[in-house]
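Chemist: The following block contains a protein sequence and its predicted model.
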Amino acid sequence: MRKLKRKSKKFLLVTVLTSLLLLTGCQNVRMWFKDFQQSFKGLHMTIRTYDDESQIIDEVKGKSVYIERDKDFDTDDETKDSSVLRITVGGKELHHVGSSMIVEEEGLHNVFDDYRQKHDLKDLDSSLPIVNKMVDEFRNQFTGKKKVVLIRSQRGYPLATYSGDKVSLYQTDVPKSTGILIDNHYLFIYRCDYTIYDTSLLDD
């Protein structure tokens, strides 16, 4: 009898959560689950830091990555102004502050990496914006996509480009950072400039 009650409670919980997702179809609900997943077991992510000219300084990959503000560097308990990142990677830690950082969940594809391998960016004709060039060259990867995310270094050099049907921005507890949900995959950017376009704006 007790086992039956437990199963009923579990079934009810799963039904309620599933219904919530289906009824709302809401990015906020998806983001809540993503945050829960990250804090509970971490996400499979790649961490990259960049210099001012968009060159990769280092890269770390991990199956259990969790990002948070290092509260030890807050001015006080109320200010919450620490710009120091504490990132846990499979039980090990790294701290970071200063240079641009992009942390992408497995499943996201940075189109700009492909583009950079094929072209010398310094020799490109500057009369046509770089995002339009990428959309033209990788048309199949952008077809049907609703948003394009262009991320730049603090000096304005392109770092990464992503596209997705459902793209939403979220506040994080780390100053000068943004969380972006792209088709249910999490992207964390720190000390970067970015622009999010409707893909239709770039079609012409």
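Modeler: Nice, I can see it. Remember, predicted model here, so these are calculated numbers, not experimental data.

Chemist: burial count for the nearest residue to Glu59 once chain neighbours are set aside?
Modeler: The shortest distance from Glu59 to any non-neighbouring residue, by Cβ to Cβ, 6 or more residues apart in numbering, is to Arg48 (5.0 Å). (C-beta placed from N, C-alpha, C; glycine too.) Neighbour count for Arg48, taken as other Cβ atoms under 10 Å: 19.

Chemist: Now the element after whatever helix or strand Arg48 lives in, going C-ward?
Modeler: If you go by DSSP states H and E, Arg48 is part of strand 43-50. Later in the chain than strand 43-50, the nearest helix or strand by DSSP H and E is strand 56-69.

Chemist: and the following helix or strand past that next one, which residues are buried?
Modeler: Per DSSP H and E, the first helix or strand lying C-terminal to strand 56-69 is strand 85-89. For strand 85-89, a neighbour-count test (16 or more other Cβ atoms under 10 Å) marks 85-87, 89 as buried.

Chemist: which regions of this protein sit below the pLDDT cut-off?
Modeler: Within the chain, the stretches with pLDDT under 70 are 1-41, 119-128, 136, 138-145, 203-204.

Chemist: how about a cut-off of 80?
Modeler: 1-42, 115-145, 201-204 (pLDDT under 80).

Chemist: Which residue ranges of it form helices?
Modeler: Counting by DSSP state H, the segments of the chain that form helices are 2-24, 27-41, 111-118, 130-137, 139-142.

Chemist: which one of the buried residues of strand 85-89 is nearest Asn132?
Modeler: Asn132 lies nearest to Leu85 out of the buried residues of strand 85-89, by Cβ to Cβ, at 33.2 Å.

Chemist: Tyr190 versus that closest one, what's the distance?
Modeler: Leu85 sits 7 Å away from Tyr190, going by Cβ to Cβ, to the nearest Å.

Chemist: shared neighbours, these two?
Modeler: Residues within reach of Leu85 and of Tyr190 at once, by Cβ atoms under 8 Å, 6 or more residues apart in numbering, are 96, 101, 174.

Chemist: ok, so of those residues, who is nearest Thr161?
Modeler: Within these, proximity to Thr161 (Cβ to Cβ) peaks at Met101, which comes in at 16.4 Å.
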